[in-house]
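Q: okay, here's the prediction I keep looking at, along with the sequence it came from:
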Amino acid sequence: MLKSIFDWCKRHIVIFTIISVVFVVVFGFINIQILHMTSEPEFCHLCHPAQGFGPLAEVDSWEHSAHGDAGVSCLDCHGRPGVVGYAKAKLGGLRDTYMQLTISKEEKLEILSNPHENLVPSWHCLYCHSDEGNKAVRETTKGPMKLVNMRMLDDVVNPAFRERKGLADIMQDTFVGGIHFDHNLHINEFDLTCRDCHFGVVHNPATKTDRMNFCLTCHADAGDDAPQMADCNVCHEAQVAMNEGVGVPDVEETPSLMYGEAAEMTCTDCHTGVTKGVYRPSSSTCSDCHQDQEYTNIYQEWSETTKAHIERLKLQRVEVEAALVDADAAKRNTAEVWKTYEKAIRNLKFVRSDGTDGVHNNDYATAILDSVEADFKKAMSQLDSVW
């Protein structure tokens, strides 16, 4: 029978060649689609189905994180850059699938609760968050960065990627995430890794109180050269700027009523529990000065309104970025549109970095968010003109 098949192929070499090419193309397409499907968070959710944070809730916690907002998916962090890195990650996924079927839930929880220290190494973080880190990884990655479009990671080239995501170069800039922090100093002088401060940054993030205590514990041992408890303004740049009503070009400066010389208020007048390790104020902090309960309700209303506004803008951001990516793929001239978009996300991050949902300075926060919404609309209008 095989001899008959071979003879037929020899007699019909053209037809056989066409059939072979079609088979290879179809087989390759099917496999690429399978790789795509098994690389999506929806597939990972099958084995990580819980809600909230911690073990088994990795997909849900990712979805509610800044990485999720920015479109950074599972294999962008849990797979090294390049084709070889992607292949290794997929092979590791086969091992994980096997373990899912063979180990007990208790064993699985133990593994997820104690991830390997190099699960996401520092150099991988720097690949996206610094220009030099990105350059070093791209220059030393073995093999091609990509063959087909499988994930965002392999297209990351800084500074363009970093700027389009509204990210600082953490090894050069000292204003990162709303605070003054010198990553270069802490990494190179004190041998800290990203994991030391950002453990669980996506899947089980520490509370703001936990992070504050972590900083203060190290700084207490470091001596007076490091900012101490009373040096609020040294680190909390975004909060100071928000209270002063400054920091965003094209938005009118609007000082907070509760801050500055006119109000004679300081940080600890509201953050009264700092000496006891309680850094966030509560409604009782307001009622201590404002006897009328209505003030507490006003602050709550500010917070809820600002949160809702930010959520709407996050959805708009996704829509605008997707439209920009499509326009770039169509070879449209989007340089000016990207500038408008980048300005908008910088300003959105400014309000989010303050961390109070508008309570520090509601008028200024609202004006900034209104400017962000206007810039997103302007970007879409600009895109219409370049089509």
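A: Perfect, I can see it now.
Q: and the residue nearest to residue 386 when sequence neighbours are not counted, how many neighbours does it have?
A: Leaving out its chain neighbours, the residue that sits closest to residue 386 by CB to CB, 6 or more residues apart in numbering is residue 332, at 4.7 Å. All C-beta spots, glycine's among them, are computed from the backbone N, C-alpha and C. By the measure other CB atoms under 10 Å, the count of residues near residue 332 is 15.
Q: same question for the one 5 residues further on.
A: Under the neighbour criterion other CB under 10 Å, residue 337 is assigned a count of 24.
Q: assumed it was part of a helix.
A: Yes: inclusion of residue 337 in a helix is indicated when DSSP: H, G, I helix; E, B strand; the rest coil is applied.
Q: so who does it touch?
A: 324, 327, 379, 382, 383, 386 (CB atoms under 8 Å, 6 or more residues apart in numbering).
Q: how much space between it and residue 372?
A: Residue 337 is 15 Å from residue 372, where distance means CB to CB, to the nearest Å.
Q: now do residue 100
A: Taken as CB to CB, the span from residue 100 to residue 372 is 42 Å.
Q: ok, which stretches of the stretch 151-300 of the chain are strands?
A: Along the stretch 151-300 of the chain, the segments classed as strands by DSSP state E, counting those that start in this stretch run 175-176, 179-180.
Q: work out for me the element residue 107 sits within.
A: Taking DSSP states H and E as the criterion, residue 107 maps to helix 105-113.
Q: now do the buried residues in that helix.
A: For helix 105-113, a neighbour-count test (16 or more other CB atoms under 10 Å) marks 108, 112 as buried.
Q: what sits up against that helix?
A: Contacts of helix 105-113 with the rest of the structure, by CB under 8 Å, 6+ apart, involve 54, 55, 56, 58, 99, 100.
Q: which non-adjacent residue is nearest the last one?
A: Closest residue to residue 100 apart from its sequence neighbours, by CB to CB, 6+ apart: residue 47 at 5.0 Å.
Q: contacts only, for the residue nearest to residue 151 when sequence neighbours are not counted.
A: The shortest distance from residue 151 to any residue that is not its chain neighbour, by CB to CB, 6+ apart, is 5.1 Å, and that residue is residue 75. Contacts for residue 75 (CB under 8 Å, 6+ apart) come out as 39, 86, 89, 150, 151, 153.
Q: shouldn't residue 85 be in contact with residue 141?
A: Yes: assessed by CB atoms under 8 Å, residue 85 is found in contact with residue 141 at 7.3 Å.
Q: comparing those two, which shows the higher neighbour count?
A: More neighbours surround residue 85 than the other of residue 85 and residue 141, with 20 against 17 (other CB under 10 Å).
Q: and this protein, what are its domains?
A: The record's domain parsing of the chain by automatic domain parsing lists 2-37, 236-387.
Q: got the buried residues for the shortest one?
A: This points to domain 2-37. For domain 2-37, the buried set under the neighbour-count rule, 16+ other CB under 10 Å, comprises residue 35.
Q: how distant is it from the center of its chain?
A: 43 Å (CA atoms, centre = their mean, to the nearest Å).
Q: where's the residue nearest to residue 151, which helix or strand?
A: With DSSP H and E as the criterion, residue 75 is inside helix 74-77.
Q: pLDDT on that helix, on average?
A: The average pLDDT for helix 74-77 rounds to 92.
Q: do stretch 192-199 as well
A: For stretch 192-199, the mean per-residue pLDDT is 86.
Q: just the residues contacting it, thanks.
A: By CB under 8 Å, 6+ apart, the list of residues contacting stretch 192-199 reads 117, 120, 121, 122, 125, 126, 186, 187, 206, 211, 214.
Q: switch the cut-off to 7 Å
A: In this structure, residues lying in contact with stretch 192-199 by CB atoms under 7 Å, 6 or more residues apart in numbering are 117, 122, 125, 186, 214.
Q: one step back: and which of the contacts of residue 337 is nearest to residue 164?
A: residue 324 (8.2 Å; CB to CB).
Q: surely that closest one and residue 340 touch.
A: No: at 9.8 Å, residue 324 and residue 340 do not qualify as touching, with contact defined as CB atoms under 7 Å.
Q: the longest helix along the chain - contacts with which helices or strands?
A: Ranked by number of residues, the top helix in the chain under DSSP state H is helix 293-329. When contacts are defined as 3 or more CB pairs under 7 Å, 6 or more residues apart in numbering; DSSP states H and E, helix 293-329 sits against helix 283-289, helix 335-354, helix 362-386.
Q: still on that earlier bit, tell me which of the domains of the chain sits nearest to residue 132.
A: Residue 132 lies closest to domain 236-387 among the domains of the chain, at 20.8 Å (CB to CB).
Q: pLDDT (mean, whole number) over the closest one?
A: For domain 236-387, the mean per-residue pLDDT is 87.
Q: and that domain, how far out from the chain middle?
A: Relative to the mean C-alpha coordinate of its chain, domain 236-387 is positioned 17 Å out (CA atoms, centre = their mean).
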